[in-house]
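# Model the structure of this input:
(2 chains)
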Amino acid sequence: MPRSGGSERTSSLHVDPWLLLALAALVGFGLLVLNSAARNDPAVLGAQALRLVIGFVVMLVVAQLSPRLFRRWMPALYLVAVGLLAVVMLVGATAKGSQRWLDLPGLPRFQPSELVKLAVPLAAAWYLHDRPLPPNLRDVAVVLLMAGVPAGLIAMQPDLGTALLVCAGGFGVLLLAGLRWRHLAYAGGAGLAAAPLLWFFVMRDYQKQRVLTLFDPGRDPQGAGWNILQSKTAIGSGGFRGKGLFEGTQSQLGFLPESRTDFIIAVIGEELGLIGVTVAMALYVVVIARGLYIATQARDTFARLAAGGLTLVFFAYVFVNIAMVSGLLPVVGVPLPLVSYGGTAAVTVLVSFGIVLSAYERGR
Amino acid sequence: MPAAHEVRMKDADAERTAFATRSLVTFLAIVVLFGILMARMIWLMAYQRGEHLAHSNENSVQLAPLAPARGLVFDRHGETLAHNHPIFSLALVPEHVADMDATLAELDQLVLITETQLESFRNRLRKRRRPLEEIPLKFNITESERAAVEVNRHRLGGVRVLPEIVRHYPYGELMAHAVGSVRRVNEEDLKRLDPTRYRATRFLGKRGVEAFYEDALHGEPGFHAMEVDVLGRVRKELSRVAPTPGGNITLHLDARLQIAASAALGQRRGAVVALAPDGGVLAMVSHPGYEPNLFVTGMDPADYQELVSSRDTPLLNRASQGRYAPGSTFKLVVALAALAMGFTDWERIIEDRGEFRIGGRVRRDWSWQPGNAGGQGLVDLRRAIYRSSNVYFYDLGAKMPTDALPSFAAQFGFGEVTALDFADAVPGLLPNNAWKMGHKGERWYPGDTVNMAIGQGDLEVTPLQLATMAATIANRGEFVAPRMLKSRDVSEVELKNGTAAAERPTPRRVEGPTAEDWERLIDAMEDVVHRGNQGYRQNGTAWAHIGRDIAYRMAGKSGTAQVVEIPEGEEYDEEELDEYHRKHAWFIAFAPADAPQIAVAVLVENGGGGSSVAGPVAREVIDAYLLPRLAERPLAAKSKRADSAGA
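Sure thing, here's the model as predicted:
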């Protein structure tokens, strides 16, 4: 089906200015905080800025493509991603005690799990786009399987955070596809039933420690409880206005671990206070709201589900990260998207917004 | 896929609407979830802020106490006796050392570390200490050792080169007993010291003036708040409250006189105490001494053991802690007691044949000869003093009722510590009936008073007490308690508390003797030194040794104290006795006799004759003090005498 806006597309960039603006503001805010967390190290700031610029370029390029292109290539993309995931299980490089990285000659080192984070919601959207909605139980099961298999592989790396986000991708698409509340209740019940099984058979000791620590951070303040104790201290001591950039003692003096990466929201809390945290969350809400709005305006089911699902994955990122750093959820390795230091995740997130933008229909 | 099927199953508009509804519901759920996150943030940042802020400060702010500089000690002429000087020490913070053995091995390559240093380091490591405290490994490292450590600093985690201010005694051994010394605060000290005031203090006055005036010398600690990182490294100083240095103190000591006194005593064991008429301690020497600077930076355990266990007891301050029988020097007190109680007067004469009988026991003195050919012949009190007649004083002792002599002697400060500011002075022993009943289960016999009358028996005095006696006689009966301190800085704290008031007690008089008694006693003491060329048994006991060429009038009295009991009437040969069993030699003196400026007590342990051995030491000390003054102001001295005569 030819697009009516073809001429429009050639004359100008296919983007939603509001989403672009919100993303740019978020990235700018993130760099500001990262610069402080990195103690003004130009190398860190430069590297991150470069990745973000690349990410934005890729995002804008992706935004110009048609959602149909993704739909067509999705089954292949999904299979390649899951295949790479399997490969990484066998030959992946180990970092921080888990196998996540794939070192392929001639290619930059990357994490196949990042690719999976994109592939799962897209594949779910592909699967559901020509099926009757709301999905029946069989289709729900298939989508859950599509998410569950790679999520299981990732959890075995072990990388519980990413596995969670992959599940969120599949689940988010189902939710937007009109998953019946009844089914949701089943899923919830199944989840609760599975929890003891997970605890006793799947979770490793350090993961159990993290869960226990959530309920009582004081039980091992120098060990498992250290991170969460220090991050709560950092956030709490920030108060309303914060201690000021470069002034956070927790962040600047090394008490706050992972301050550039997963725990950067604690730096925002400590140095910019409740104001800074509110600004960050507001920007995230704007991005998410705009992402969902674009999804509702999309032309076809695949584009809708894909854009909406990716937006919900983004939300899951933000929520899990902030909840974990503020001590509401166990510590799982999830960065704060677009703010935490790290290349692959930032680029993946920006690519996902490229796909969201490609679903954008102007002037409807 | 059949189109009809698709049309039936897929309704694009319905799906769009359903999707929009779902999105809205989901978005509302997202807003609620963000609300939870915001509520959590507000909980942490507002409700719990105080506790988190406190924890944050606890993390990053380290309050470090700053030790105050210890007050300085000066002699009466402003000569520095104790001061502080900077050294560099090598220390380790065990909490920051990853591998202690490896680090020590590494250090051993860079710095000369002895076995004993290593051993004492390991000992300190085992003992109770403050958290994150630096444990010293080697004190006073050289400049090149310091450089070697600094260069390799990156490999030596937890190793610190500490600039340290330590006590230094420029006169070393000479002033060891007079000024005392500090030593490193140890485990025991930590238990009893004020933890706030002594938080940063590394050295504590342990002996002498350093110990007695610890409070005044110590000062008040300051604090600085430092920002530290997670590894405990200091990033910057946040604030600082400067410590208040300890007050300086000035002693009566005269360093030049101290040098002269020490030189006069030479290598012999003994003590010299020199007092000004107001009780100020001008010199206090105890031989052998020790090197106080070794105590500051820690000494070899073997060396310390030797100091502690040596038969010569170098750590004992003989001047204030040594207990000796006063011998004949005590006759001066006995004479005054007998005069005061009416048992004798200056005219009474007895015959001294060198032998005295009481209760069926015979006492023979140093002058006795077979056939009772010895003794001093006819003696009055004056002659009994300058010839040191035992028989005369035996006779006085025999006349005195129980406890009369000890009661009178107590007025001179015997049997108690009258010294005002000595950390280590002992009271000695002034025995009486009650004491003897308590300690020996026997009543006091007249023979005990007879023994005491020549300064023997259970009576024990310190050189400081005999110097005090000499000063009291020099003052014609006015007793002045000896003291080291001449003046001191008054700290602001003391001014505020009003505790800086003068601590000097009002002088008291020795009751009993008349003014004439004091003058005639002093005349007799002058005869001890100056009465010469008079023929057989007519010269003062010390004249031949010190009185022939003396430029001023000195009053003195010798004493020779038995160390071991000699069987009654048995002669013995000093040379055959073990050195440590020989008699102690005493000499007490003051000068000028009519307007005294200095009173001295000299003890030479196992030295033999008081006049021949201790007398010359006393003479040298007084010469050293008096001759320069007399040369400076001979007229002033004379006119002063004329004034007092006129009045």
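# residues in contact with residue B:146?
B:88, B:161 (CB atoms under 8 Å, 6 or more residues apart in numbering or on different chains). Just so you know, the C-beta spots here come from the backbone N, C-alpha and C atoms, and that holds for glycine as well.
# before we move on, what SS does it have?
helix (DSSP: H, G, I helix; E, B strand; the rest coil).
# Show the model's pLDDT score for it.
Listed pLDDT for residue B:146 reads 86.
# and the longest strand seen in chain B, what other elements does it pack with?
Longest strand of chain B, by residue count under DSSP state E: strand B:80-92. Under the contact criterion of 3 or more CB pairs under 8 Å, 6 or more residues apart in numbering or on different chains; DSSP states H and E, strand B:80-92 touches strand B:73-74, helix B:100-110, strand B:135-138, helix B:143-151, strand B:159-168, helix B:176-179.
# mind checking how far the residue nearest the centre of chain B is from chain A?
Taking CA atoms, centre = their mean, the centroid of chain B lies closest to residue B:208, which sits 0.9 Å from it. Plainly put, residue B:208 is 47 Å away from chain A if you go by CB to the nearest CB, to the nearest Å.
# One more: residue B:302?
Counting by CB to the nearest CB, the gap from residue B:302 to chain A is 42 Å.
# picking that back up, send over the longest strand of chain B as CSV, restricted to the C-alpha atoms.
The C-alpha coordinates for strand B:80-92 follow below in CSV (Å, rounded to 0.1, in the frame of the first residue of the first chain):
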residue,chain,number,x,y,z
THR,B,80,65.7,25.4,77.4
LEU,B,81,65.5,22.2,79.3
ALA,B,82,62.7,20.5,77.3
HIS,B,83,61.4,21.5,74.0
ASN,B,84,59.7,19.9,71.0
HIS,B,85,61.3,19.2,67.7
PRO,B,86,60.1,17.7,64.4
ILE,B,87,61.2,14.3,63.3
PHE,B,88,59.8,11.9,60.6
SER,B,89,58.6,8.5,61.7
LEU,B,90,57.6,5.5,59.6
ALA,B,91,54.3,4.2,60.6
LEU,B,92,51.6,1.8,59.3
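# where does it sit relative to the chain's centre, distance-wise?
Remark: strand B:80-92 is offset 20 Å from the chain centroid, using CA atoms, centre = their mean, to the nearest Å.
# Compute the inter-axis angle for it and helix B:100-110.
Between the axes of strand B:80-92 and helix B:100-110, defined by axes from the mean of the first three to the mean of the last three CA atoms, to 10 degrees, the angle is 120 degrees.
# Rounded mean pLDDT for strand B:80-92, please.
Strand B:80-92 comes out at a mean pLDDT of 89.
# which parts of it are buried?
B:81-84, B:88-92 (16 or more other CB atoms under 10 Å in any protein chain shown).
# Same question for stretch B:49-66.
In terms of neighbour count (16+ other CB under 10 Å), stretch B:49-66 has its buried residues at B:49, B:52-53, B:55-57, B:59-60, B:62, B:64-65.
# Keep only those of those residues that are also close to chain A.
B:49, B:52-53, B:55-57, B:59-60 (CB under 8 Å from any CB of the partner chain).
# out of these, who's nearest residue A:147?
residue B:52 (37.9 Å; CB to CB).
# I'd say that closest one and residue A:233 touch.
Yes - the criterion here is CB atoms under 8 Å, and residue B:52 meets it with residue A:233 at 4.9 Å.
# Now do the SS call for residue B:68.
The assignment at residue B:68 comes out as coil when based on three-state DSSP.
# Next: residue B:238.
Going by three-state DSSP: residue B:238 is strand.
# Run a quick neighbour tally on it.
Neighbour count of residue B:238, defined by other CB atoms under 10 Å in any protein chain shown: 14.
# Please tell me the pLDDT value assigned to it.
Per-residue pLDDT puts residue B:238 at 84.
# ok, now residue B:417?
So residue B:417 comes in at 90 (pLDDT).
# Kindly report the same for residue B:10.
What the model reports as pLDDT for residue B:10 is 64.
# returning to that earlier point: so who does the residue nearest to the residue nearest to the centre of chain B when sequence neighbours are not counted touch?
Of all residues not flanking residue B:208 in the chain, residue B:180 sits nearest, at 2.1 Å (CB to CB, 6 or more residues apart in numbering or on different chains). Residues near residue B:180 by CB under 8 Å, 6+ apart: B:205-212, B:292, B:423.
# residue boundaries of the strands in chain A?
Counting by DSSP E, the strands of chain A are A:93-95, A:98-101.
# List the buried residues in stretch A:236-246.
Within stretch A:236-246, the residues scored as buried using 16+ other CB under 10 Å are A:236-239, A:242-243, A:245.
# If you could redo that for stretch B:340-349, that was the one I meant.
B:340-341, B:343-344.
# Can you give me the end-to-end span of it?
Its start and end residues considered, stretch B:340-349 measures 17 Å (CA to CA, to the nearest Å).
# Would you mind measuring from residue A:221 to chain B?
10 Å.
# Can you spell out the domain ranges of the chain, please?
Unless you meant another one, I'm taking chain A. Split into domains by automatic domain parsing, chain A comes to A:14-64+A:217-364, A:73-203.
# um, chain B though
B:62-249, B:259-287+B:323-646.
# Single out the most deeply packed of those domains.
Across the domains of chain B, averaging neighbours per residue (mean count of other CB atoms under 10 Å in any protein chain shown) puts domain B:259-287+B:323-646 on top, at a mean of 20.
# starting at the chain centroid, how far to that domain?
Worked out by CA atoms, centre = their mean, domain B:259-287+B:323-646 lies 24 Å from the chain centre.
# cool, and stretch A:233-251?
On CA atoms, centre = their mean, the centre of stretch A:233-251 falls 26 Å from that of its chain.
# Could the C-alpha coordinates of that stretch be exported in PDB?
These are the backbone C-alpha positions of stretch A:233-251, laid out as PDB (Å, rounded to 0.1, in the frame of the first residue of the first chain):
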ATOM      1  CA  THR A 233      22.100   7.600  51.800                       C
ATOM      2  CA  ALA A 234      23.100   9.500  48.700                       C
ATOM      3  CA  ILE A 235      19.500  10.100  47.700                       C
ATOM      4  CA  GLY A 236      18.300  10.900  51.100                       C
ATOM      5  CA  SER A 237      21.100  13.300  52.000                       C
ATOM      6  CA  GLY A 238      20.400  15.300  48.900                       C
ATOM      7  CA  GLY A 239      17.200  16.700  50.300                       C
ATOM      8  CA  PHE A 240      15.100  19.200  48.300                       C
ATOM      9  CA  ARG A 241      17.800  21.100  46.500                       C
ATOM     10  CA  GLY A 242      20.700  18.600  46.600                       C
ATOM     11  CA  LYS A 243      24.300  19.300  47.500                       C
ATOM     12  CA  GLY A 244      25.100  20.700  44.000                       C
ATOM     13  CA  LEU A 245      27.000  19.200  41.100                       C
ATOM     14  CA  PHE A 246      30.400  17.900  42.000                       C
ATOM     15  CA  GLU A 247      29.500  18.400  45.700                       C
ATOM     16  CA  GLY A 248      27.900  15.100  46.500                       C
ATOM     17  CA  THR A 249      30.200  13.400  49.000                       C
ATOM     18  CA  GLN A 250      28.700  10.000  48.400                       C
ATOM     19  CA  SER A 251      29.200  10.300  44.600                       C
END
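# hmm, that stretch touching chain B?
Yes - Stretch A:233-251 is in contact with chain B by CB under 8 Å from any CB, via A:233-240, A:249-250.
# For my notes, please list those in CSV and give pLDDT and distance to residue A:305 for each entry.
Shown next, in CSV, are the residues of stretch A:233-251 next to chain B (pLDDT from 0 to 100; distance: CB to CB, whole Å):
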residue, pLDDT, distance to residue A:305
A:233, 93, 42
A:234, 94, 39
A:235, 95, 36
A:236, 93, 40
A:237, 94, 43
A:238, 93, 39
A:239, 91, 42
A:240, 93, 41
A:249, 89, 46
A:250, 91, 42
